[in-house]
Structure formats: C-alpha cells, structure tokens
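1. starting from these lines, generate the structure:
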Amino acid sequence: MLSPLDNPFNAQSADYLDSVKKQFQYYKWLGEQTINQLPEEALFSQIHPDSNSIGIIVKHLSGNMLSRWTDFLTADGEKDWRQRESEFQNDIQSKTQLFEIWNSGWACLFKALEEISIVDLNKEIFIRNQGHTVIQAINRQLAHYPYHIGQIVFIGKMVMGENWKSLSIPRGTSQAYNSDKFAQPNHTEHFTDDLTKS
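-> Next comes the predicted model:
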C-alpha cells in the first residue's frame, strides 16, 4: 500500500507546508535579530504620534497571530475577543515584555502549523466571515507578517546607522558570496537555512 507521500500531489503539499514553516521561521529570525541590536528605548520611540514604534508593530503582529491561528481550522480568524485598536497603543514597558508578547504570537502560529495536515489544505476557513482555503489563509499571513517585519528592520537600520549588523548579504560582498555559493555542489536546502544557523 502506498504511503500518502508517494502520491505526487501529497508530496508537493508536504513540501509546501515545510516551506511555509521555514519562511515564517526566517521572518521571525529577522525580527529578533533586529530587536536584539537595538537599545531598549529605541523599541518604543515614534517618529510622530501617528507612526508605529517597533513595540506597536510587535503588539499588532502578536494580536493578529493569536486571533488568526487560535483554532485555525475551526473558528473565524478574527476572534471576538481580539482588541485590535489596543494593539496600536505604545504601552509596552520593557524589552522583556516585548519578547513575551512576540513569542506568544509566534508560538500560537507554529503550533497551528504543526496541526495542519496535507488533507486540510483545500478546506475552507473564514477570516472576518470571508471564505479562504487553508492555503489562501496561510499565504495571506505569509504576505502580511513580512510587511511588518520589514518595517521593524527598516526602523532598526535607521536607528543603528553605521553600527547596523547586516541581516543579509552585506554591501560590497555580493560577488564573494555568490562565488562561494557557486563553488559548492548543488543542494536542496531551503534558501534561508544558512541565514538562520547563526
């Protein structure tokens, strides 16, 4: 009897889920590497009252994650207990508290992803009463979260200036980086794997 992964469609679905997990891990890593570089006070500063500090962005990301990924397959992604407007209050008191909020959201996300099987991918779920396949709902969040992680990284680079530690290929090293990559045998590692090993 064939295993489910012997079916090419199922194998592709398993690859999709694995890739999604790695993508989310990568963006979590980018956010954490940025936050860890910054002095605590920089996490809560705002350019003007209507702008978002890193602390606000973290609150919003976590609030969204907890709402979207709690009971992901069985309940609407916009929970009635979510207080979205409060996510934009700049009231986190410390980097420790910020990481507690950050980690609670990501833990909810990764727990939900582990509970999704390949047979769930075409099921219909709802976000604000709008139907999505599970794939569509995952992709929606995979577009949303990097948008905000990019904001965190941008703020971090502006704050740190010349002291910023690059999270990708540093300027002036592209040729050396590519030469090293092309000198290696072809491999099937995910493109983010070598970035998150440090």
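2. flag the helix or strand of this structure with the lowest per-element mean pLDDT.
-> helix 174-182 (a mean of 80; mean pLDDT, DSSP states H and E).
3. which parts of the top helix by length along the chain are buried?
-> Ranked by residue count under DSSP state H, the longest helix found in the chain is helix 8-37. Neighbour-count burial for helix 8-37, counted by 16 or more other C-beta atoms under 10 Å, picks out 10, 13-14, 17, 20-21, 23-35, 37. Every residue, glycine included, has its C-beta placed from N, CA and C.
4. same question, stretch 169-176
-> Per 16+ other C-beta under 10 Å, stretch 169-176 contains no buried residues.
5. and for it, what's in contact with it?
-> Identification of contacts with stretch 169-176 by C-beta atoms under 8 Å, 6 or more residues apart in numbering yields residue 177.
6. how about the strands in this protein?
-> 124-127, 130-133 (DSSP state E).
7. which strands and helices sit next to the last one?
-> Looking back up the chat, that one is strand 130-133. On a contact count with 3 or more C-beta pairs under 8 Å, 6 or more residues apart in numbering; DSSP states H and E, strand 130-133 meets strand 124-127.
8. give me the distance from the strand it packs on to the chain's centre.
-> 20 Å (C-alpha atoms, centre = their mean, to the nearest Å).
9. repeat for stretch 28-43
-> For stretch 28-43, the distance to the chain centre is 14 Å (C-alpha atoms, centre = their mean).
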